[in-house]
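>>> A structural model of the following input is requested.
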Amino acid sequence: MDKDIPVLSDAPVGLEQDELGFGRYVDPLVQVITDPATETPFTVGVYGSWGSGKSSLLRMLDQRLAAEHPGRTIRVHFNPWVHRGEPHLLLPLLHALQDTLEQDGRHRLREAAGRLGHVIAGLTSDTLLRKVSGGAVTLDRIGELSRQYAEQRGKVHSELRNLRRTLQEQADRAAADDARLVIFIDDLDRCQPHEIVDLLESVKLFLDLRHVIVILAVAKNVVDQGIAMKYREFGFEAARLVEIGDEYLDKIVQLPLTLMPIDPGAFLDRLPLPGGLATYRELLAGIVAPNPRRIKRVLNTCAVMSVVGGPPLRADIVIRLVVLRVQSPDLYDAIVARPRLAAALEDMYAGRLPLDRPDRLIERYGQAEAEPMAAAVRKFHRSQDYLGGVFCGTAFAEVKDELPGYLTMLGR
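Numbers count the residues shown, from 1 in each chain. Below you'll find the predicted structure:
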């Protein structure tokens, strides 16, 4: 491998760097958002696994709207992960909306921002509600606290009703200028599951409004985890919890858009691979997961290790081990614990490992290691489709004495 290391950025990309071919999603989404015939409220759910490119798609969509429909869309960007841990993610979302309206050049929208700011300030009054409902309570104070609680709860409910009314007024003002509010919510799946569910409920409750379109990017399995936590006390089976997650999202999202898996080979062809890695393009294409973030992580690690380790290292061994560490950490850890497991899996995939002959296994691995090695092989053999490409041939057997050094260099 050469020493020129073009480390690949994991930051979201725009239309000018569409390595994922996401342009095919952007045009129809722009049409849906800007078409007067699209009835609102309307929510688009962009579904994809961690690292699949959801953020890049949202950036491309924002760029296209800004370039081609600047006056017809008021684009609000909210990243809940930045505000993770806050008791109410709704409040920073409202602040993002207020900031966007304040920056808009239209006078009536700046006035709307001021009105929204007043309502947001009123919402902070629920701190008293938390105060009167927490802490030690003596019997002689129960009556007074009950009165305070009821009074404060009424104020909070009133402010929440006022909030929805105010938000609708802001959306109506935008519509009077022939514009729609388009709210981008990204990185939601980085938050805690309960935070995700709480924010989704807030979106349904407060942003389900005329002239408002929400673009929601999330990994669906994380929503399922949040639903599982919310309803775990009801004792539902796992399959039913997944169904509940689907039903939950169906009530919020009108247009579900699941990102199609990428073609690893085509994606690799669009990336600036170091010369040495380019030589192993076919090996990489056959074993990397169809996930842009994981592919870039594999390439960056391999490129750096090629310099750190120096020429004696075999590039194909480094690639195989890095892929295992990124995509199958449990198997990688098992190989770190038993380096001979890598060659054993090669033999198993080639039909050379006599698992049904304990005496042969003892002869090969010794009395103490024979059964643990056989158990590990049974556990991981064919556990994932791509492993056949990792353990084809005799690469690990050829470096069995040097393999501990590779593992030490890569670490856990």
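>>> can you list contacts of the helix or strand hosting Val203?
Following DSSP states H and E, one finds Val203 within helix 193-206. The contact list for helix 193-206 (C-beta atoms under 8 Å, 6 or more residues apart in numbering) reads 43, 80, 84, 88-90, 93, 163-164, 167, 185, 188-189, 191, 214, 216, 218, 222-223, 225-230, 248-249, 251-252. All C-beta spots, glycine's among them, are computed from the backbone N, C-alpha and C.
>>> So which of these belong to strands?
Judged by DSSP state E, the subset of these located in strands is 43, 185, 214, 216, 218.
>>> any chance of these in CSV, plus neighbour count and distance to Asp172?
Listed next are the ones in strands among the contacts of helix 193-206 as CSV, based on neighbours: other C-beta atoms under 10 Å; distance: C-beta to C-beta, whole Å:
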residue, neighbour count, distance to Asp172
Thr43, 24, 19
Ile185, 25, 22
Val214, 25, 17
Leu216, 24, 23
Val218, 25, 28
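>>> want to try a markdown table for those residues, with distance to Glu282 as columns?
Formatted as a markdown table, the ones in strands among the contacts of helix 193-206 follow (distance: C-beta to C-beta, whole Å):
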| residue | distance to Glu282 |
| --- | --- |
| Thr43 | 42 |
| Ile185 | 39 |
| Val214 | 42 |
| Leu216 | 38 |
| Val218 | 34 |
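>>> Now flag whichever of these is closest to Leu387.
Val218 (29.4 Å; C-beta to C-beta).
>>> and the closest one, how far is that from Gly71?
Relative to Gly71, Val218 is positioned 29 Å away (C-beta to C-beta, to the nearest Å).
>>> Give me the three-state assignment for Val76.
Look at Val76: counting by DSSP: H, G, I helix; E, B strand; the rest coil, its state is strand.
>>> Pull the number of nearby residues for it.
Number of residues near Val76 (other C-beta atoms under 10 Å) recorded here: 22.
>>> Now do the contacts for the closest residue to Leu29 other than its chain neighbours.
Nearest non-adjacent residue to Leu29, counting by C-beta to C-beta, 6 or more residues apart in numbering: Leu61, 5.6 Å away. Listed by C-beta under 8 Å, 6+ apart, the contact set of Leu61 reads 25-26, 29-30, 184, 215.
>>> among the residues you listed, which two are most distant?
Tyr25 and Phe184 (14.2 Å).
>>> Find the centremost residue of this structure, please.
By C-alpha atoms, centre = their mean, the chain has its centre lying nearest to Trp50, at 3.3 Å.
>>> Make sure that one is indeed in a strand.
No. Going by three-state DSSP, the assignment for Trp50 is coil, not a strand.
>>> Look up the closest residue to it, ignoring the ones flanking it.
Nearest one to Trp50, counting by C-beta to C-beta, 6+ apart, is Ala219 at 5.7 Å.
>>> Helix, strand or coil: sort out Val32 for me.
Assignment for Val32 (three-state DSSP): helix.
>>> now it, nearest residue through space, not along the chain?
Nearest to Val32 is Thr38, by C-beta to C-beta, 6+ apart, at 5.5 Å.
>>> Just the element for that neighbour, please.
Counting by DSSP H and E, Thr38 is part of no helix or strand.
>>> these two touch, right, it and Pro28?
No. Using C-beta atoms under 8 Å, Thr38 is not in contact with Pro28, being 11.5 Å away.
>>> Out of these two, name the residue with the larger neighbour count.
Thr38 (14 against 11).
>>> Now the more buried one, what are its backbone angles?
Main-chain torsions, Thr38, degrees, to the nearest 10: phi -70, psi 110.
>>> what's the distance between it and Gly286?
Taking C-beta to C-beta, one finds Thr38 at 43 Å from Gly286.
>>> Helices along the stretch 51-200 of the chain, start to end?
For the stretch 51-200 of the chain, helices defined by DSSP state H, counting those that start in this stretch occupy the ranges 54-68, 90-103, 107-123, 126-133, 142-176, 193-206.
>>> ok, of those helices, where does mean pLDDT dip lowest?
Between the helices of the stretch 51-200 of the chain, the one with the least mean pLDDT is helix 126-133; it has a mean of 42.
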